[in-house]
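K.L.:
Below: sequence and its predicted model.
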Amino acid sequence: MTDSPSNSSPARPMRLAKQGAIESISSFIGAKSRSPSNTSSRISDRDSKRSLANSSSESVAKRGRLSSVRGRPRGRPPRQPSAPVDTTASLFSLVRDGKASLVQVADDWIENYMSDREVAVMDLLQYFISSCGCKGVVSLDMIQSSDFILLVRRMTEDFDEESVDYPLILTGSHWRRFRQNFCDFITTLVRQCQYSIIYDQYMMDSVISLLTHLADSHARAFRHTATLAAMKMVTALAEIAVRLDQSLSSVTQQFENERSRQRKSNQRLEALQQKKQEYTENKDEIVNMIEYLFQCVFVQRYKDVVPDIRCICVTELGVWMLSYPEHFLVDARLKYIGWTLYDKVGEVRMKCLKTLLPLYEEEQFTSNLKMFTPKFKTRLLSMVLDREPENGVLAIKILMKIYKQADSDSLPLHIECDTIYACVYAAHRGLALTAGEFFLLDLTSATGRKRKVDVRNVLFKLVDFHIRSNIHTHTAFLVDALFESCDYVRNWSAMTDLLLLESSEENRALDERGESTLIDIMAFSVKQASTGEPPAGRTVSKKYITQREHRQWLEDQERITEHFAMTLPQLLHKFVVNTQDVINLLTIAQYFHMNVYAASVYSNPLESLLKCIEELFAKHTDEEVLANCSKTYECLCSGQLPVHVRSVVTRSKIIDSTVLKFREDMQNFNANLGKVDDEDFASTLASLRRVEALYQCHDLSKWKIWDMAFPLIRNSDAYARPIDHNLVVLATRTCFWILLWDLLAIENGNLEEEAISSLKQRLGELVTCCRTMILSNMGEVAGTAYLVLCDLLLIFGWTVGQEIAELKTLIFIVKPDLEDELQAFLGKWVFCSDQTDIDRNDPDQIEILRKRRSFLASYSKLIVWSVLSIRSATEVFKNYAEYYNDYGEIIKMTIAKCREKDKIACARSMTDALCSLYQKLCGNVPPEERADNLAPVRELIRRFGTSMGTDLIRCRELVVMINRCGIIFASQRDGPDLPNIHFLEVLSETCNKLLPQDKKLVLQYLNEAFGFIEANDDDRFRPLVMFKEVLSLGDEEQRTTAAASTLVSNNDSTMQSSAGKRPRNDDSAGTPRSVSLSTLTGAGGREINPLLEVDEMLEDEGDQSL
């Protein structure tokens, strides 16, 4: 590919008033450019045919051109009457305010141009200068001299370089409208001038010269505004060129038709020939304008250091390719989009993809993209995994178009498409849905060209893909990605037929693994159709459910019930052995619409289903199977229809038999003091599992289960041998469900004093037992007791008596010793240094991590719901940086919730965490080595700063309080020494979050705390000196820094042309890093309690709020 099309020249068509400008353009064009003499001769030839704009007003119409050949000059329809325009107002103010019609503003400018073109051009150039945010004034002398280099230099001198804002980047609806009006005015003006003025060698010459020089300026505002104006001007010129093409084709056809006639009219042929020549010259002139702007503005600015400017160039290039493909949709232009696909800024890459997508959607452009597609297909495939998920969505859509339009021999290889297929499991729902559409193309490619698709083969391929993906725990993600675009995942009839199919020579059935996979897909498909809920971790932006969606879910539930009422019992009978299959099949029954069973035809299927569930509950001992059986009974019994009676009768039968068996087993177990054989123990364990599963969904209070289950927890020492931990875990959970059902009964109206007193007693007993069990070395027992204890503290916290006053006696107050025990559990089982390395490919290790995260989340909920004080979060905050990969989002959310509740308390807790970690790392370290051990503390405070966000106003109190508490801690004395003075190095990391006035306040705190130090030249006090220097950056210094940074950004040379050489545009670029103090040393000292002494000093000061 070449840099420019071979059929066009970048030569500029306008006459330049200044010879220096002609020479600069000549050097740009090279040998192919026209000399000034050639330009003059061409102008003189054209002058003989066309009147100049500065001719007398009597000979030139306001619109159109007079011609001796043509009759009435071409013009537009008469203007509609509109509000009068303030003729004294500038173009910039008229466009900015948006009170007048842009067409009327353009027409008024044309009238002024016809009367005095120099003044009109001066107003137009002033419009562009003012739109840049520049206060400079364009004078008539500048226009007459035509020295645009000097003009731009003077405007730059008048530019306010201390301000980083200019109209195009200002926020607010007013300035957004101005940006749109700015673009529309340029387009409108060019359209209104397309019949005469743009060919007069003056207006376009002046405007294009100004824009090219502004676009080459070092000032960002000039480059940004001029680039946008130039690109919009090219867009308008491209539209004119297309219309000229159409007119030229029409005139050429008329000319050929007239010439082929036998009775020719020489006068008409001459008129048509003259019109054809005129159109050809006009088109060549427009094309040359477009080419000059493209070479002088686009080619230079598409690689600008400012991402917004690059976005403008790429976006407008896409518009040109669609509107004028003959000139722009060529390899010489497409290469700019291909190169920009590698841009480091996600927004620029998105603009490139949005430019390419409509091109691939048009089949007529397929031949134009034949060279571009193979060259950049690899890059498009890699962009599927772009850091911005929206870019991945666009990349997949483009690849989908390529896939559809390609021949069978040039389809992408499957190994290349694996990247796209894997995206169906992505957390971003938009990316997953688009990947699902692409996957569906390949899923049906073998049979998609036929009239009828073989559904069974499609299901085989879907199952095989899910098995090969080896992500079987994410079936819900696969179903959600395919649910809207693929009807096959909702074809439950074909699925059940395939599952019930017996293998034979004629029919190929699924193997055992394939059957389990298909059942898994079918179960999640039923859930998606019945509830419309996406899987956990893949949320949707919808905040409400429409009535149509709700009605669709009800219809799907009825359809599901009608189908599975007949087939589900058969499936349960066939797959009764496989535990996971049974769980998935039972899940389907939980979404049945029981009204369907009211029909007599479904009477026997309901009996069959209830019988199957009863057999499963009696035969299986797996906890998850039993819990799903209990849940299914709850769904089948929840209603008042006569059809529910049969389900209620069956459930009562199951409960009676289960409780009776459990009572018998417990009597035998207690009679033998736990010394029972393996068969009796297994029977007791299975009975307790069934009771606990039933208690999750059904109230068994009348069977007095507490008296049988709680002794297994409380009186474990009374048995002849230690009770198996499985029995203890099940008994603990059973007692927990008993308390919840008792509380629900009281809330529903059973306000008897005896019931409330009994519940309070049971609560205290279970909490006492759980506190003992969390000290156990058996992880399952300790973990279950911890989770039950946290849930009880949350349920019976301060909220329990808000609605019913009688329940206030049930409020359980957490005392400090219990709080210490909970924190000790976290230190032992969550923040354990010997278990920091988790193999995320090992399912067992992943399960361990999941449990540890649930432990931390339970503790965090106690803090968020004010069951524990915010100061209790100190141990959690302290481990934020060290365990960021495992618990980062949990701790970050905890910090955010604490900050919402009480900023001051949150700041103190964060400071306590920093001080505690500092004492841990530097308490027993010699003074000269303490600075080297501060890296973890620095990382922790940086994480804290990141969690605060970028709004300095919102986090103002928080940051100041952290510095205040930290200064008090750093100023604590141990005789003549300051053991914690190096903590000031840690506090320096927060200085970028302090406002100038807050820096003065913190500096005042610092001077008061260290007022006893007389001389600061001692090396021991260097952290103090450096911290003071950082805080001394007041308003004047900050303004100077801001102005310097603005000047640097405005003076970014366009010589930094390669987008690949630009620095990465990440979030940290806008946050200046504070002065590093890591090389300083300080004095050592004894270990002290940072939390207590800081609190005492703050309380002595009266805890005055900031």
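P.N.:
Looks like it came in fine. Model, not experiment: these values are computed from the prediction.
K.L.:
after the helix or strand containing I846 comes which helix or strand?
P.N.:
Using DSSP states H and E, I846 sits in helix 843-864. Per DSSP H and E, helix 843-864 leads on to helix 874-878 as the next helix or strand towards the C-terminus.
K.L.:
by contact count, what packs against that following helix?
P.N.:
Other elements packing on helix 874-878 under the criterion 3 or more Cβ pairs under 8 Å, 6 or more residues apart in numbering; DSSP states H and E are helix 816-829, helix 843-864, helix 884-901, helix 903-922. In short, each C-beta sits where N, CA and C put it, glycine included.
K.L.:
Let me see the mean pLDDT of that helix.
P.N.:
For helix 874-878, the mean pLDDT works out to 94.
K.L.:
Give me the buried positions along that helix.
P.N.:
Across helix 874-878, burial judged by 16 or more other Cβ atoms under 10 Å covers 874-878.
K.L.:
I'd like these as TSV, with distance to L170 appended.
P.N.:
Converted to TSV, these look like this (distance: Cβ to Cβ, whole Å):
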residue	distance to L170
T874	44
E875	46
V876	42
F877	39
K878	43
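K.L.:
Quickly name whichever of the residues you listed is closest to A229.
P.N.:
Checking these against A229 by Cβ to Cβ gives F877 as the nearest, at 52.1 Å.
K.L.:
So the closest one sits against I895, correct?
P.N.:
Yes: between F877 and I895 there is a contact at 6.9 Å, judged by Cβ atoms under 8 Å.
K.L.:
so what sits against both of those two?
P.N.:
910, 944 (Cβ atoms under 8 Å, 6 or more residues apart in numbering).
K.L.:
Output stretch 491-507 as CSV, restricted to C-alpha atoms.
P.N.:
Taking C-alpha atoms only, stretch 491-507 is exported to CSV below (Å, rounded to 0.1, in the frame of the first residue of the first chain):
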residue,chain,number,x,y,z
ASN,A,491,-35.4,-26.9,22.8
TRP,A,492,-36.1,-29.0,25.9
SER,A,493,-38.0,-31.5,23.9
ALA,A,494,-35.0,-32.4,21.8
MET,A,495,-32.8,-32.5,24.9
THR,A,496,-35.0,-34.9,26.8
ASP,A,497,-35.4,-37.1,23.6
LEU,A,498,-31.6,-37.3,23.4
LEU,A,499,-31.3,-38.1,27.1
LEU,A,500,-33.9,-40.8,27.0
LEU,A,501,-32.5,-42.3,23.8
GLU,A,502,-30.9,-45.7,24.1
SER,A,503,-27.8,-46.3,22.1
SER,A,504,-28.2,-48.5,19.0
GLU,A,505,-26.8,-49.0,15.6
GLU,A,506,-29.2,-46.5,14.1
ASN,A,507,-29.0,-43.9,16.8
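K.L.:
in that stretch, what's buried?
P.N.:
Neighbour counts using 16+ other Cβ under 10 Å place 491-492, 495-496, 498-499 of stretch 491-507 among the buried residues.
K.L.:
Now for L433: which residues touch it?
P.N.:
So L433 contacts 481, 484-485 (Cβ under 8 Å, 6+ apart).
K.L.:
Assumed R387 was part of a strand.
P.N.:
No: read with DSSP: H, G, I helix; E, B strand; the rest coil, R387 is coil and lies in no strand.
K.L.:
So that it lines up with my notes, have the first residue be 544 from now on.
P.N.:
All set: I'll call the first residue 544, so the last point we hit is now R930.
K.L.:
what's the neighbour count on A969?
P.N.:
21 (other Cβ atoms under 10 Å).
K.L.:
which residues touch it?
P.N.:
By Cβ under 8 Å, 6+ apart, the contact set of A969 is 932, 935, 975, 978, 1020.
K.L.:
how close does it get to A978?
P.N.:
7 Å (Cβ to Cβ, to the nearest Å).
K.L.:
List only buried entries from the contacts of L976.
P.N.:
The neighbour-count criterion (16+ other Cβ under 10 Å) marks A1024 among the contacts of L976 as buried.
K.L.:
Any chance of TSV for the contacts of L976, columns distance to N1215 and pLDDT?
P.N.:
Output for the contacts of L976, formatted as TSV (distance: Cβ to Cβ, whole Å; pLDDT from 0 to 100):
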residue	distance to N1215	pLDDT
A1024	56	94
E1027	60	89
S1028	62	89
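K.L.:
Columns distance to E1076 and secondary structure on top of the contacts of L976, output as a markdown table?
P.N.:
Output for these, formatted as a markdown table (distance: Cβ to Cβ, whole Å; DSSP: H, G, I helix; E, B strand; the rest coil):
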| residue | distance to E1076 | secondary structure |
| --- | --- | --- |
| A1024 | 15 | helix |
| E1027 | 14 | coil |
| S1028 | 18 | coil |
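K.L.:
Which one of the contacts of L976 is nearest to N1258?
P.N.:
Closest to N1258 out of these is A1024 (53.1 Å), distances taken as Cβ to Cβ.
K.L.:
Shouldn't R1081 be within a helix?
P.N.:
No: counting by three-state DSSP, R1081 is located in no helix; its state is coil.
K.L.:
Look up the closest residue to it, ignoring the ones flanking it.
P.N.:
Nearest residue to R1081, sequence neighbours excluded (Cβ to Cβ, 6 or more residues apart in numbering): R972, at 5.0 Å.
K.L.:
can you pull the pLDDT of that neighbour?
P.N.:
Note on R972: pLDDT of 91.
K.L.:
where's it relative to G935, distance?
P.N.:
According to Cβ to Cβ, R972 stands 12 Å off from G935.
K.L.:
Name the residue in these two with the higher neighbour count.
P.N.:
A count of neighbours by other Cβ under 10 Å puts G935 above the other of R972 and G935, at 25 against 19.
K.L.:
Provide a list of residues in contact with the more buried one.
P.N.:
Neighbours of G935 in contact, by Cβ under 8 Å, 6+ apart: 926-929, 966, 969, 971, 974, 977.
K.L.:
Export those residues as a markdown table, with columns for secondary structure.
P.N.:
Below are those laid out as a markdown table (three-state DSSP):
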| residue | secondary structure |
| --- | --- |
| M926 | helix |
| V927 | helix |
| L928 | helix |
| D929 | coil |
| C966 | helix |
| A969 | coil |
| H971 | coil |
| L974 | helix |
| T977 | helix |
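K.L.:
Neighbour-wise, give me the winner out of those.
P.N.:
Ranking the contacts of G935 using other Cβ under 10 Å puts T977 first, with 27 neighbours.
K.L.:
list the contacts for it?
P.N.:
935-936, 939-940, 943, 966.
K.L.:
Leaving out the residues flanking it, which one is nearest to I1347?
P.N.:
Nearest non-adjacent residue to I1347, counting by Cβ to Cβ, 6+ apart: E1290, 6.4 Å away.
K.L.:
Looking at the buried residues of stretch 1034-1050, spot the one nearest C839.
P.N.:
Distances from C839 to these, taken as Cβ to Cβ, are shortest for N1034 (59.7 Å).
K.L.:
Could you tell me which residues make contact with N1138?
P.N.:
N1138 is in contact with 1101, 1184, 1186, counting by Cβ under 8 Å, 6+ apart.
K.L.:
Inside helices: which ones of those?
P.N.:
If you go by DSSP state H, these have 1101, 1186 in helices.
K.L.:
of all the contacts of N1138, which comes closest to L1464?
P.N.:
E1101 (64.2 Å).
K.L.:
Next one: the closest residue to the closest one other than its chain neighbours relative to K1358, how far apart?
P.N.:
Closest residue in space to E1101, ignoring its immediate chain neighbours: H1136 at 4.9 Å, by Cβ to Cβ, 6+ apart. Between H1136 and K1358 the computed distance is 50 Å (Cβ to Cβ).
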